[in-house]
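K.L.:
Sharing a model prediction with you, sequence too.
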Amino acid sequence: MTVRVMLISPAMNAALREARFDGDAPLDRSGERQARAAADAVPVASRALCGPSERCLGTATALGLAARPEQALAGWNLGRWSGLRLDAVGAAEPAGVAAWLGDPSAAPHGGETLRALVERVGGWLEALDGDGPGGDGRHRPSGDDGPGADGPSGAANGPPTARDRSVVAVVEPAIVRSAVVHALRLPVEVFWRLDVGPLVLTELSGRRERWNVRLGRPLTVPQDT
């Protein structure tokens, strides 16, 4: 059965502005404001997930998603480099940075290799094909069970609909890039040639080992004409 996966990169925070390796830092005020402004552009899905970082959790909340943290969607574990500035690490460990950029099986930081990251994300993506439906993850006023009190399809004990097989997840850019590399069966090194900005929506649809990708677009509310 076809699965639709919608990945949203989190909003801006200080670590991004300062070109630091991923650390568990919350959104800054500007990032939170931008996420709130984009809330109406979030696509509806049967389930809402997010990476466990403060940045992903904060973005999901600002977007109006009651997202469940998913450890398999945690950001890239960069070991002792986490939270450090890229230029500082490059000056202190130039050979290590060169190995990190040139060899997907290298982990000079003591954390996760690029190859392991792509395999982790790919494993999560492929496992979705066997998952069942869930709630749509949107915040609702108390007492409002949404369309159809018996589930997202609106029919008690009815068959799953296309909406039942959809997932929206707020995840770090490295997770989005890894998902695209896996879905399209690209060489792992292509990871470095993919750019994912803040609050960008990337959509994947298909089933196990057969995925189509709609490349990232800014998560913005359409303007009335």
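P.N.:
Looks like it arrived, so ask away. Residues are numbered from 1 along each chain as shown.

K.L.:
Please count neighbours and contacts with C-alpha atoms only from this point.
P.N.:
Noted.

K.L.:
so which helix or strand takes in Val44?
P.N.:
Here Val44 is covered by no helix or strand, with elements defined by DSSP states H and E.

K.L.:
how many neighbours does it have?
P.N.:
17 (other CA atoms under 10 Å).

K.L.:
And it, how close does it get to Val89?
P.N.:
Distance from Val44 to Val89, counting by CA to CA, to the nearest Å: 40 Å.

K.L.:
what does Ser30 give?
P.N.:
Between Ser30 and Val89 the distance, using CA to CA, works out to 27 Å.

K.L.:
So for the two, which residue has more residues nearby?
P.N.:
Ranked by neighbour count (other CA under 10 Å), Ser30 and Val89 place Val89 first, with 16 against 12.

K.L.:
and the more buried one, which of the three is it?
P.N.:
Per DSSP: H, G, I helix; E, B strand; the rest coil, the local secondary structure of Val89 is helix.

K.L.:
For it, which residues are in contact?
P.N.:
Residues near Val89 by CA atoms under 8 Å, 6 or more residues apart in numbering: Trp81, Val97.

K.L.:
Check what pLDDT it gets.
P.N.:
At Val89, the model reports a pLDDT of 95.

K.L.:
Which residue lies closest in space to Ser53, excluding its sequence neighbours?
P.N.:
Spatial nearest neighbour of Ser53, chain neighbours left out: Asp24 (5.5 Å); criterion: CA to CA, 6 or more residues apart in numbering.

K.L.:
In this structure that neighbour contacts Gly51, no?
P.N.:
No: in this structure, Asp24 is not within contact of Gly51 by CA atoms under 8 Å, at 10.8 Å.

K.L.:
Have a look at these two and say which one is more surrounded.
P.N.:
Set Asp24 next to Gly51 and count neighbours by other CA under 10 Å: Gly51 wins out with 24 against 15.

K.L.:
What residues sit buried inside the helix or strand where Val97 lies?
P.N.:
For Val97, the element it lies in under DSSP H and E is helix 94-102. Across helix 94-102, burial judged by 16 or more other CA atoms under 10 Å covers Gly96, Val97, Trp100.

K.L.:
again with stretch 209-222
P.N.:
Buried residues in stretch 209-222 (16+ other CA under 10 Å): Trp211, Val213, Gly216, Pro218, Leu219, Thr220.

K.L.:
Can you classify the residue lying closest to Pro198 once chain neighbours are set aside as helix, strand or coil?
P.N.:
Among residues not flanking Pro198 along the chain, Ala11 sits closest, at 4.8 Å (CA to CA, 6+ apart). Classification of Ala11 by three-state DSSP places it in coil.

K.L.:
surely Ala11 meets Pro26?
P.N.:
No: in this structure, Ala11 is not within contact of Pro26 by CA under 8 Å, at 9.7 Å.

K.L.:
Quick check on the two: which one has the bigger neighbour count.
P.N.:
Under the criterion of other CA under 10 Å, the comparison of Ala11 against Pro26 puts Ala11 first, with 29 against 20.

K.L.:
Contacts only, for the more buried one.
P.N.:
So Ala11 contacts Leu27, Gly31, Glu32, Gln34, Ala35, Arg55, Thr59, Pro198, Leu199 (CA under 8 Å, 6+ apart).

K.L.:
Tell me how far it lies from Arg17.
P.N.:
As judged by CA to CA, Ala11 and Arg17 stand 11 Å apart.

K.L.:
ok, now Val181?
P.N.:
Taking CA to CA, one finds Val181 at 25 Å from Arg17.
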